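Participant: With the input below, show me the fold.
(one chain, ligands or ions: 1)
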Amino acid sequence: MLNGKHIILGITGSIAAYKAAMLCRLLVKEGAEVRVIMTPLAKQFITPLTMATLSKHPILVEFFNPENGEWNSHVSLGEWADMLLIAPATANTLAKMTTGIADNLLLTTYLSARSKVAVAPAMDLDMYAHITTQQNLATLKERGVAIIEPAAGELASGLVGKGRMAEPEDIVEQVKAIFAEGEKKKTLEGKRYIVTAGATIERIDPVRYITNHSTGKMGYAIAEELAKRGAEVKLISGRTTLPIPQGVERIDTLSAEDMYNAAVREWREADGAVMCAAVADYTPVTVADKKLKKSDDDMRIELRRTKDIAKELGANKEGRVLVGFALETDNEEANAQGKLVRKNLDFVVLNSLRDAGAGFRGDTNKITIIDHNGAEEHPLMSKREAAAVIVDKIETLK
Ligand code: C5P
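Facilitator: Numbering: from 1, shown residues only. A predicted model of the protein is given here:
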């Protein structure tokens with residue numbers, strides 16, 4: 001399974017470093033070629049000799065060999081690797097990875113690596129549970145780093161809790177799963193998809209605007225999933241704070257009208273579209289060019305309808321894939337059915353704000369897929385998993 005795979009095993013300064021010996025042995029046994037990079041502190045926990053013997057290659061720690069000045073190129077290491085696996089990964093290394101600190105060979109290699117990256121955290125339970133560590137892990141995950149979750153159990157400190165590094169056998173299984181995921185067939189190769197995502201912003205004056213709670217997370221996850229399966233993806237995005245997913249081209253828009261123009265333009269060349277954005281239905285009739293001043297009277301802002309992007313694409317569908325969303329608070333399925341027909345969609349992904357964990361802001365969603373044959377309800381899952389379900393459904397349309 002790991003035959004011929006190039007794996008850089010990064011070892012950091014944790015007591016769990018002793019398990020890296022077994023991990024290295026297992027990876028080599030599975031056919032992987034392993035090069036070990038240790039942080040300077042890691043040498044205090046396990047000897048370079050042990051790791052060199054098991055990996056059958058000299059260990060790398062410094063930027064250059066102090067005896068002969070030979071340079072250890074993090075760039076070529078990064079290029080060589082099919083995976084950078086950091087096990088154990090300390091809180092310190094995880095923090096440096098999130099901020100881009102590059103003060104040892106392992107961290108410079110991380111920044112140069114084009115390969116998959118996986119980390120197996122190991123630390124005391126309080127360090128692991130600390131908001132800083134949790135946020136760092138969430139950031140790394142968002143950037144595509146695979147997190148191999150620590151197990152709960154007795155820790156070196158004598159305390160019992162979550163923080164001990166996953167067992168080497170489990171890490172190897174997860175490494176295999178990560179490779180298997182990456183080698184999945186690119187089923188959407190050659191297909192061009194557009195995805196709208198996030199909230200639009202309708203200006204009232206130079207200071208104020210009308211918007212909504214959408215974060216764009218669901219649409220971004222769909223764009224990422226489509227790209228993972230080989231599609232060429234243009235993500236037409238409202239304002240969000242999310243990073244651009246790997247392999248996706250983002251087109252930034254602000255108002256419903258901007259988004260409409262971008263979507264209509266991109267639709268000409270597209271094979272499919274997923275309309276995930278929370279588009280304003282109304283926009284101010286006029287935008288004041290100076291800040292509106294308050295007075296003692298009430299104020300009225302006159303609004304006019306915006307154009308419905310999904311409906312416009314649906315009217316020019318020509319056999320292409322078109323998926324819409326429906327966020328409802330009541331009468332959910334009937335409303336979603338209405339959108340399916342009115343906007344000429346292939347299916348509608350329904351979220352109900354009545355379901356806990358669904359809809360805005362969170363990382364989870366509970367979706368029901370409504371098409372002309374009926375409704376398919378799915379359990380609560382992460383938005384990434386929901387994206388995979390939605391893209392699976394798209395693939396059945398062909
Ligand atoms: O009609 P409603 O806004 O509830 O429909 C939601 C679906 O229509 C979503 O897929 C949304 O992205 C899309 N939509 C759109 N343009 C609008 C309004 C909604 O594309 N102006």
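Participant: What does the pLDDT read for the residue of the chain positioned farthest from its centre?
Facilitator: In the chain, the residue that sits farthest from the middle, by CA atoms, centre = their mean, is residue 296; the gap is 48.1 Å. For residue 296, the model assigns a pLDDT of 96.
Participant: do residue 361 as well
Facilitator: In this model, residue 361 is scored at 68, pLDDT.
Participant: and the residue in the stretch 51-200 of the chain that the ligand sits nearest to, how far is that from residue 385?
Facilitator: The ligand sits closest to residue 196 of the stretch 51-200 of the chain, with a gap of 5.7 Å, by CB to the nearest ligand atom. (Glycine included, C-beta is placed from N, CA and C.) Noted for residue 196: a distance of 21 Å to residue 385, by CB to CB, to the nearest Å.
Participant: which of those two has more neighbours?
Facilitator: Applying other CB atoms under 10 Å to residue 196 and residue 385 shows that residue 196 carries more neighbours, namely 33 against 17.
Participant: what bridges to that one?
Facilitator: residue 236, residue 275 (DSSP bridges).
Participant: Residue 251 now?
Facilitator: Beta-bridge pairing for residue 251 (DSSP bridges): residue 236.
Participant: contacting residues for it?
Facilitator: 234, 235, 236, 237, 262, 266 (CB atoms under 8 Å, 6 or more residues apart in numbering).
Participant: and with 6 Å instead?
Facilitator: Contacts for residue 251 were tallied using CB atoms under 6 Å, 6 or more residues apart in numbering; they are 234, 236, 262.
Participant: Please tabulate those in TSV, including the columns distance to the ligand, neighbour count and pLDDT.
Facilitator: Below are the contacts of residue 251 laid out as TSV (distance: CB to the nearest ligand atom, whole Å; neighbours: other CB atoms under 10 Å; pLDDT from 0 to 100):
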residue	distance to the ligand	neighbour count	pLDDT
234	15	23	98
236	10	29	98
262	12	19	98
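Participant: I'd like those residues laid out as a markdown table, including distance to residue 397.
Facilitator: Formatted as a markdown table, the contacts of residue 251 follow (distance: CB to CB, whole Å):
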| residue | distance to residue 397 |
| --- | --- |
| 234 | 19 |
| 236 | 21 |
| 262 | 24 |
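Participant: For residue 325, pull up the helix or strand it's in.
Facilitator: strand 321-328 (DSSP states H and E).
Participant: what about that strand and the ligand, touching?
Facilitator: Yes - using CB under 6 Å from any ligand atom, strand 321-328 reaches the ligand at 324, 325, 326.
Participant: residues near the second one, how many?
Facilitator: Residue 325 is surrounded by 25 other residues when neighbours are defined as other CB under 10 Å.
Participant: thought it was touching residue 351?
Facilitator: No - using CB atoms under 6 Å, residue 325 is not in contact with residue 351, being 7.2 Å away.
Participant: any shared contact partners between the two?
Facilitator: Joint contacts of residue 325 and residue 351 (CB under 6 Å, 6+ apart) do not exist.
Participant: Is it correct that residue 336 falls within a helix?
Facilitator: Yes - Residue 336 forms part of a helix when assessed by DSSP: H, G, I helix; E, B strand; the rest coil.
Participant: for the protein, what spans make up the helices?
Facilitator: 18-29, 48-55, 74-80, 91-99, 105-112, 125-129, 131-142, 168-182, 217-228, 256-267, 309-315, 332-342, 383-396 (DSSP state H).
Participant: Return the most buried member of those helices.
Facilitator: helix 217-228 (a mean of 27; mean count of other CB atoms under 10 Å).
Participant: Name the strands paired with the strand holding residue 325 and say parallel or antiparallel.
Facilitator: Strand pairing for strand 321-328, determined by DSSP bridges: strand 272-275 (parallel), strand 347-352 (parallel).
Participant: so which of these is the most packed in?
Facilitator: strand 272-275 (a mean of 27).
Participant: if you look at it, does any of it touch the ligand?
Facilitator: Yes - judged by CB under 6 Å from any ligand atom, strand 272-275 comes into contact with the ligand at residue 275.
Participant: Residue 328 reaches residue 337, doesn't it?
Facilitator: No - checked against CB under 6 Å, the pair residue 328 and residue 337 is beyond contact range at 11.0 Å.
Participant: if we can go back for a sec, can you tell me which of the helices of the chain the model trusts least?
Facilitator: helix 74-80 (a mean of 86).
Participant: could you say what helices and strands that one packs with?
Facilitator: Judged by 3 or more CB pairs under 6 Å, 6 or more residues apart in numbering; DSSP states H and E, helix 74-80 is in contact with helix 105-112.
Participant: What distance do you get for residue 25 to residue 174?
Facilitator: Distance of residue 25 to residue 174, computed by CB to CB: 17 Å.
Participant: for residue 394, same thing?
Facilitator: The gap separating residue 394 from residue 174 is 28 Å, by CB to CB.
Participant: now residue 264
Facilitator: The spacing between residue 264 and residue 174, counted by CB to CB, is 43 Å.
Participant: Also residue 2?
Facilitator: Separation of residue 2 from residue 174 (CB to CB): 12 Å.
Participant: Same question for residue 299.
Facilitator: Distance from residue 299 to residue 174, by CB to CB: 57 Å.
Participant: Could you pull up phi and psi at residue 294?
Facilitator: phi -80, psi 150 (degrees, to the nearest 10).
Participant: residues touching it, list them.
Facilitator: Residue 294 neighbours (CB under 6 Å, 6+ apart): none.
Participant: and what of residue 234?
Facilitator: Contacts of residue 234 (CB under 6 Å, 6+ apart): 194, 249, 251, 266.
Participant: Give the burial count for residue 285, as a bare number.
Facilitator: Neighbourhood size, residue 285 [other CB under 10 Å]: 9.
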